[in-house]
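A.B. asks: model the structure of this input:
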Amino acid sequence: MTVCYDNPNIYPEAEYKKRLSEQKRLCEILNVPLIEAVYDHEKYLRDVRGLENEPEGGKRCEVCIGARMERAAAYAKENGFDYFTTTLSVSPHKDAAFINRKGEEIEKRVGVPYYYADFKKKDGYLRSIRLSEKYGLYRQSYCGCEFAKREE
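C.D. replies: Got it, this is the predicted structure:
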């Protein structure tokens with residue numbers, strides 16, 4: 001297993017760096033390799049242009065999630081990984097059915113199997129909270145993008 005940290009949606013950059021630091025710390029604790037994608041917030045803004053007023057979980061999220069999953073699949077193919085997936089389905093604000101459909105579409109197009117999951121099932125979200133407490137991890141109060149932060 002390898003973690004790919006690809007979050008160009010996170011704003012401001014200081015928040016991105018704070019979350020990246022926590023991800024690095026957790027990967028070190030768990031002895032899991034971490035790949036950091038390029039932080040290109042301007043590209044994210046171009047990708048979601050016109051969707052700024054969508055609610056969290058709406059079309060803006062679909063575009064953001066799809067782009068990140070697409071890059072993960074491409075990385076997996078280029079580097080010989082057996083599967084790709086995303087942990088986003090652990091959030092009660094994210095639609096696991098959409099995420100899994102998107103994963104299936106990308107799998108067919110890119111040629112790397114997608115690992116289907118709904119990580120919030122079987123108390124997955126609660127478990128994520130407990131693990132965060134156990135390791136003293138920072139837990140953010142919004143997905144990361146400035147548009148969702150406005151909804152708080």
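A.B. asks: please list all residues in contact with Y83.
C.D. replies: By C-beta atoms under 8 Å, 6 or more residues apart in numbering, the residues touching Y83 are A76, V112, P113, Y114, Y115. Just so you know, the C-beta spots here come from the backbone N, C-alpha and C atoms, and that holds for glycine as well.
A.B. asks: do you know the pLDDT at it?
C.D. replies: Per-residue pLDDT puts Y83 at 97.
A.B. asks: quick check: it vs A74, distance?
C.D. replies: Applying C-beta to C-beta, to the nearest Å, the value for Y83 to A74 is 14 Å.
A.B. asks: swap in K24?
C.D. replies: 23 Å.
A.B. asks: before we move on, what about E56?
C.D. replies: Distance from E56 to A74, by C-beta to C-beta: 26 Å.
A.B. asks: ok, these two, which is more surrounded?
C.D. replies: Taking neighbours as other C-beta atoms under 10 Å, E56 and A74 compare with E56 leading, 18 against 15.
A.B. asks: using the three-state scheme, assign the nearest residue to the more buried one once chain neighbours are set aside.
C.D. replies: Residue nearest to E56 in three dimensions, not counting chain neighbours: A148, with 4.7 Å by C-beta to C-beta, 6 or more residues apart in numbering. Following DSSP: H, G, I helix; E, B strand; the rest coil, A148 is assigned to helix.
A.B. asks: many thanks, I have nothing further to ask.
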